[in-house]
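[1] following is a predicted model, sequence given first.
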Amino acid sequence: MNNKILALGAFLGGLSVILGAFGAHGLKELIAPESLQVFETGVRYQMYHAFLLLIIGSIRLIDDKTQKIICYLVLFGVLLFSGSIYGLATNSLTTFDFTSIGFITPIGGLLLILAWVLLLIKFLKNKVDIL
């Protein structure tokens, strides 16, 4: 599972660089500055969680089952949170009204929070000296 987690982290990280560049250069003239900031928030959170996956996949402090759960929480959290933010930020460019599915953004955020909470619980339960 570690290789899959590392690969997913690398994929999400690379994709966030691509999307960030697209936002800065491709969307700059097409959407309002406020929408561009919203888009950048999605990119930033995607990158943060790509780093989380790279860390989770690299350390042996967490059992495989917990790594797998965190991986899925992050994957679906990024898809729902960042994905919906990308849609909402570029809503003016599409015929689909992304505001109608805007409710999935906080669900994605909750999944990301749960991943961090699970990681914290595992660290506290294992009494791992992390400092």
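    Perfect, thanks for sending it.

[2] averaged pLDDT, the helix or strand hosting residue 55. What do you get?
    Assigned by DSSP states H and E, residue 55 falls within helix 33-58. In this model, helix 33-58 has an average pLDDT of 96.

[3] check which element follows that helix along the chain.
    As assigned by DSSP H and E, the chain's next helix or strand after helix 33-58 is helix 64-89.

[4] if we can go back for a sec, list the buried residues for the helix holding residue 55?
    Residues 35-36, 38-40, 42-43, 45-50, 52-54, 56-57 are the ones in helix 33-58 that count as buried (16 or more other CB atoms under 10 Å). Heads up, the C-betas are built off the backbone N, CA and C, glycines and all.

[5] what is that helix packed up against?
    Contacts defined by 3 or more CB pairs under 8 Å, 6 or more residues apart in numbering; DSSP states H and E place helix 33-58 against helix 2-21, helix 64-89, helix 104-126.

[6] can you give me the buried ones in the longest one?
    Of the residues in helix 64-89, those with enough neighbours to count as buried (16+ other CB under 10 Å) are 66-67, 69-71, 73-78, 80-89.

[7] try the first one
    In terms of neighbour count (16+ other CB under 10 Å), helix 2-21 has its buried residues at 5-6, 8-9, 12-13, 15-16, 19-20.

[8] quick one: which of those is nearest residue 119?
    Nearest to residue 119 out of the buried residues of helix 2-21 is residue 5 (CB to CB; 12.8 Å).

[9] list the contacts for that closest one?
    With contact taken as CB atoms under 8 Å, 6 or more residues apart in numbering, residue 5 is in contact with 53, 56-57, 67, 71.

[10] over to residue 125?
    Taking CB under 8 Å, 6+ apart, one finds nothing in contact with residue 125.

[11] ok, 10 Å please
    By CB atoms under 10 Å, 6 or more residues apart in numbering, residue 125 lies in contact with residue 66.

[12] excluding its backbone neighbours, what's nearest residue 30?
    Distances taken as CB to CB, 6 or more residues apart in numbering place residue 93 nearest to residue 30, at 6.2 Å, with adjacent residues excluded.
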